[in-house]
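Enquirer: build me a model:
(chains A, B, C and D)
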Amino acid sequence: MNKQMTTTDVVAQLQDGMTIGVGGWGPRRKPMALIREILRSDLKDLTIVGYGGMDMGMLCAAGKVKKLIYGFVSLDFIPLEPFFRKAREAGTIEALELDEGMLHWGLRAAGYRLPFLPMRAGLGTAFMHNNPEIKTINSPYDDGETLLAMPAIKLDAALLQVHKADQLGNVRVYSPDPFFDEWFARAADKTYVLAEEVCARLDSDEADAKANLFERSLVSGVVEQRGGAHPTSHVPGYGWDAAHIKRYCQAAADEGGWQVYADEFLGATEADYQNAVGGLDAITSLPRQVL
Amino acid sequence: MNKQMTTTDVVAQLQDGMTIGVGGWGPRRKPMALIREILRSDLKDLTIVGYGGMDMGMLCAAGKVKKLIYGFVSLDFIPLEPFFRKAREAGTIEALELDEGMLHWGLRAAGYRLPFLPMRAGLGTAFMHNNPEIKTINSPYDDGETLLAMPAIKLDAALLQVHKADQLGNVRVYSPDPFFDEWFARAADKTYVLAEEVCARLDSDEADAKANLFERSLVSGVVEQRGGAHPTSHVPGYGWDAAHIKRYCQAAADEGGWQVYADEFLGATEADYQNAVGGLDAITSLPRQVL
Amino acid sequence: MSDFTLSELLICACADVWKDDGEVLATGIGIIPRIAQGLAKLTHSPELMITDGEAYLTETPVEIGAKSHEGRSYGGYMPYSRVFDALWHGRRHALVGPVQVDRWGQANISCIGDFDKPKRQMLGLRGFPGNSINHANSMFVPNHSTRVFVEGEVDVVCSVGYKDDNWQPGVRRDFASVERIVTNLCVMDFAGPNHALRVISLHPGVSFDEVQDSTSFPLILADDCVETAHPTAEQLAIIRKLDPRDVRARQIKDNPPGIRP
Amino acid sequence: MSDFTLSELLICACADVWKDDGEVLATGIGIIPRIAQGLAKLTHSPELMITDGEAYLTETPVEIGAKSHEGRSYGGYMPYSRVFDALWHGRRHALVGPVQVDRWGQANISCIGDFDKPKRQMLGLRGFPGNSINHANSMFVPNHSTRVFVEGEVDVVCSVGYKDDNWQPGVRRDFASVERIVTNLCVMDFAGPNHALRVISLHPGVSFDEVQDSTSFPLILADDCVETAHPTAEQLAIIRKLDPRDVRARQIKDNPPGIRP
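Expert: Here you go, the predicted structure:
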């Protein structure tokens, strides 16, 4: 059993029209080398699900997106993702805008193979008007409370960033916050992880094994790419590249700005990209943000 | 803010008829010094909730229990808890016997202040016949699937074992498996933790802070008692006391055996108990079981 | 004290939203609310739980604009998954920054215009729906104007308020409460008749008429409306400690003084 | 090989329940099933996930009766909370030890007699309801007898089976499957007509009549019923490595040989 593959192998397993979940949170822990490989591909009509950042912005800019399902799309220190904003304002993409907890809950329902999970978030808000397909349900007990029935969000594939992986699919995530990556993995038919390093077999002690965020039976492919989360952060390791992210955001101000950005940075391979942004050493030396 | 108190302070805050959740799992991580304080008290008519071991057996033996809510009651290496078995076979206690996952799900529902959460476990089994008050619910989506509506299990109090705590209520649990203690804390109006050591304030690094199993706003009282989980295990630290547990189980074979056990070991204080079982050093030297 | 900036006044007013809340997770979004949560914790509400801005709980509020993690220490862990667990449980009070607010206390950060093809897309719903229906929320508005306090309903109702029509029968409303709105002009609450928005304190030199003119719907002036309390020397000292690089000076245009000249 | 014990034969038969399962969590409860899961992993199914008996996943099955944790290493983490997450997700196959089994494949470990005042209280439901409705399950019965394989329904239906009356309309049955039952006499599956229990292999020297006499309901003899495969030298070597203290010898009364004398 050897699940190691390349970013192009992963993209070859994806298809037009798929629903793809991307882990991380805003400018943090996005498997960007996989996103870049999608940008270089012919894939189209994708539904992208996540706590969005530049992953969503870039895919929108490149015309890969049919629909976004998100709790937010933001770069945190730059609150509004400019290419996402452009796509929304142009009306070129569908949007299912969720409460952050609702997104987690929908992924969890899918992970448990349940049709829905009940919750309060969304009731009393515009969400109910904007999404008439979402139903409520009444508690069958004496309280009779009306709750929102959050439907399962099933993913065809999940793309996740991890620190280490082995060829069997065991992973390690040492981040301060693992976010909801585990639930993307459980909600997906296939999960592909982008690791800073891949070894034949992770055999570690109990403390280290606790960093195994989800079991290997959920993992279909493992890709090694040091610095692959750039320009998002991958702590411990490196912070986000604020200068590059600003450069990217500025591109949105100009007509055709995305193409200029893509021409300058994207390249034919991740090695091209890393050279264009200053090299791997520069990436892995980016200091962690202090918040 | 100083939440530190004694085992007797905790028991003074409990009342007859309360529903009390006890953390841990079988012979592991039970806050036994708090259970022993209840055994010494006048408390009665309790509903005890948990993944049961000697905590449930002893409380049954001492006539403290009106009802048990459990996924199992077992000592693992001794599969059947003898005093629990006696009480059940004598028909002296009510029993709500749940699937293990169902118990977690009911606590989680309570922690979210939801009336219920849907699940599959229990459908098609005797659980439905034995508990006609449990309802089903149909998915409001096209699948229309019938699911069991697991009602919230609300606790008046939760009793939990932790490695460290501070006077503010911050805790650290370093166990290989934290079990479902977090959900007992969230489901309870008040949570009392029994800690191997209590300091004024836990100020630790990121790695250590990850051992904070639940936030201090859930914690009402913090008790320091080294070795307080005996005879259950508290790894890392000490294993369970197999010899003592066997001694306890043998007591169940004789008429009046519980009273003999209680007279020999329980004492008026935890110090008496620890002396009777061989002293604190003996407890904290018990090796971790190798499974 | 008379030598303080408007930002400092607002920080003190914001800190007060958490007074008497007990042991809740205090979440201030933005620089002024974040300094305010630290000030609240270091003065009247030491029991508050606050994060380091990331995933950990700390008993010592972190410095705004710190250049390193050096010396930080943590009492607890609060990754986002636990934030949701905790907020659905209810022991939280968030101080958030909406783009639009209406007379019912409903707020918008999603988009301006029609949701299907917005005139201006903003953040998305973020946690507003879940926060607002599960725990206390207050708002901070640094630019009190008719553009923020809109005449009708906000364009996208992200957080629930007191508009009965939006509540389906059978939905639990009792966990929701909009507590205070702190603006650059005044402090308001929803304790008017039928939860009408009510001015409970006016910042030094601000009149009720000015507030009303900057709001697209009628406000109520509380009988016991006072001038917003000036920062004390102790509060200012703590603010300077929490924000040694004076990031707060860049939060309100031209960094005006707390007492209008 | 002809020099092997019944326990060793059973370990090999149990290991086969996981053949061709793919990458699932294999959970064998009890000594023989636990050795069997290790054997399966070290022979035909290296992709299986197994635990160290506690909270960690290991690619190297742990020794039964080991005296220390020395030298153990772990690929993954599997605390009980994740066991439930994984089993509700379905990628698991458990091999469990019931006290009673009925013709519908329903099993009991809760109590004997009436649930309200049992003649004999046992473990409780444990994970049986959730396991059985969410993923594949097999059973190991070391004492094949009419007391275990009961005539009517088991006293407490802890795990679901193929009895239609017990399934409410609308409940999803397609995740549930009772795979094999390995006993001290034979191996059975539910591939008979209408999921009737069917003997697919008989242990050396055991006749179908003996199995039928030890069962309170009619069994089907599979057309292609064979003698249960004898352990190979390779399997025996692995078993000895997994259980160097021969704990398996104490699992079946008098530790009989695998081929009846």
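Enquirer: endpoints of stretch A:37-46, how far apart?
Expert: 14 Å (Cα to Cα, to the nearest Å).
Enquirer: what's the answer for stretch A:268-282, then?
Expert: OK, stretch A:268-282 end separation, Cα to Cα: 20 Å.
Enquirer: in the stretch 151-261 of chain C, what residue is nearest chain D?
Expert: Residue nearest to chain D within the stretch 151-261 of chain C (Cβ to the nearest Cβ): C:Gly170, separated by 23.0 Å. C-beta: built from backbone N, CA, C; applies to glycine.
Enquirer: quick one, phi/psi of the residue nearest to that residue when sequence neighbours are not counted?
Expert: In space, and not counting its chain neighbours, C:Gly170 is closest to A:Thr146: 3.2 Å by Cβ to Cβ, 6 or more residues apart in numbering or on different chains. Torsion angles at A:Thr146 (phi, psi; degrees, to the nearest 10) stand at phi -90, psi 130.
Enquirer: and the residue of the stretch 151-261 of chain C closest to chain D, how many neighbours does it have?
Expert: The local packing of C:Gly170 (other Cβ atoms under 10 Å in any protein chain shown) involves 14 other residues.
Enquirer: do C:Glu63 as well
Expert: 18.
Enquirer: how about the one 4 residues further on?
Expert: Using other Cβ under 10 Å, C:Lys67 has 9 neighbouring residues.
Enquirer: just A:Asp9 next, same as before
Expert: A:Asp9 has 13 neighbours, counted by other Cβ under 10 Å.
Enquirer: follow-up on the earlier one: what sits against the residue of the stretch 151-261 of chain C closest to chain D?
Expert: If you count contacts by Cβ atoms under 8 Å, 6 or more residues apart in numbering or on different chains, C:Gly170 has them with A:Thr136, A:Asn138, A:Gly144, A:Glu145, A:Thr146.
Enquirer: let's see 7 Å
Expert: A:Asn138, A:Gly144, A:Glu145, A:Thr146 (Cβ atoms under 7 Å, 6 or more residues apart in numbering or on different chains).
Enquirer: and the residue nearest to C:Gly170, how far is that from chain D?
Expert: Going from A:Thr146 to chain D by Cβ to the nearest Cβ, to the nearest Å gives 21 Å.
Enquirer: identify the bridge partners of that residue.
Expert: Residues in a beta bridge with A:Thr146, per DSSP bridges, are A:Asn138.
Enquirer: my guess is it contacts C:Trp167, does it?
Expert: No: taking contacts as Cβ atoms under 7 Å, A:Thr146 lies outside contact range of C:Trp167: 9.5 Å.
Enquirer: can you list residues touching both of those two?
Expert: By Cβ under 7 Å, 6+ apart, A:Thr146 and C:Trp167 have no common neighbours.
Enquirer: any chance you could map the helices in the chain?
Expert: Because you didn't say which chain, this covers chain A. A:7-13, A:32-40, A:54-61, A:82-90, A:100-111, A:126-130, A:181-187, A:206-209, A:242-251, A:257-265, A:270-276, A:280-284 (DSSP state H).
Enquirer: that's the wrong chain, I meant chain C
Expert: With DSSP H as the criterion, chain C has helices at C:6-15, C:31-42, C:80-89, C:128-134, C:208-213, C:233-242.
Enquirer: which residues of the stretch 51-200 of chain A lie near chain C?
Expert: Within the stretch 51-200 of chain A, the residues that sit near chain C (Cβ under 7 Å from any Cβ of the partner chain) are A:70-74, A:79-80, A:84-85, A:88-89, A:91, A:97-102, A:104, A:120-127, A:130, A:136, A:138, A:144-146, A:176-180.
Enquirer: now, of those, which are buried?
Expert: With burial judged by 16 or more other Cβ atoms under 10 Å in any protein chain shown, the buried subset of those is A:70-74, A:80, A:84-85, A:88-89, A:97-102, A:104, A:120-127, A:130, A:136, A:138, A:145-146, A:176-180.
Enquirer: list the residues that contact residue 135.
Expert: Here I'm looking at chain A. A:Ala149, B:Pro140, B:Tyr141.
Enquirer: wrong chain, I was asking about chain C
Expert: C:Leu87, C:Gly90, C:Arg92, C:His93, C:Phe175.
Enquirer: show the pLDDT at the residue in the stretch 51-200 of chain C that chain D sits nearest to.
Expert: With Cβ to the nearest Cβ as the measure, C:Ser81 is the residue of the stretch 51-200 of chain C nearest to chain D, at 12.1 Å. Listed pLDDT for C:Ser81 reads 97.
Enquirer: residue contacts, A:Lys190?
Expert: A:Gln13, A:Ala157, A:Ser220.
Enquirer: what's the neighbour count on A:Asp16?
Expert: A count of nearby residues for A:Asp16, using other Cβ under 10 Å, gives 11.
Enquirer: quick one: the residue lying closest to A:Ile38 once chain neighbours are set aside from A:Ala33, how far?
Expert: Of all residues not flanking A:Ile38 in the chain, A:Val11 sits nearest, at 5.8 Å (Cβ to Cβ, 6+ apart). The gap separating A:Val11 from A:Ala33 is 11 Å, by Cβ to Cβ, to the nearest Å.
Enquirer: ok, now C:Pro61?
Expert: On the measure of Cβ to Cβ, C:Pro61 and A:Ala33 end up 37 Å apart.
Enquirer: looking at the stretch 101-250 of chain C, what residue ends up closest to chain B?
Expert: For the stretch 101-250 of chain C, Cβ to the nearest Cβ, closest residue to chain B: C:Phe175, 7.1 Å.
Enquirer: that residue against C:His89, yeah?
Expert: No: at 10.1 Å, C:Phe175 and C:His89 do not qualify as touching, with contact defined as Cβ under 7 Å.
Enquirer: the more surrounded of these two?
Expert: C:His89 (21 against 15).
Enquirer: my read: that one touches B:Gly111, true?
Expert: Yes: using Cβ under 7 Å as the test, C:His89 is close enough to B:Gly111 to be in contact (5.7 Å).
Enquirer: chain center to stretch A:225-232, what's the gap?
Expert: In terms of Cα atoms, centre = their mean, to the nearest Å, the centre of stretch A:225-232 is found 13 Å from the chain centre.
Enquirer: that stretch vs chain C: in contact?
Expert: No: using Cβ under 7 Å from any Cβ, stretch A:225-232 never reaches chain C; the gap is at least 14.6 Å.
Enquirer: again with stretch A:275-291
Expert: Yes: judged by Cβ under 7 Å from any Cβ, stretch A:275-291 and chain C are in contact via A:Val290, A:Leu291.
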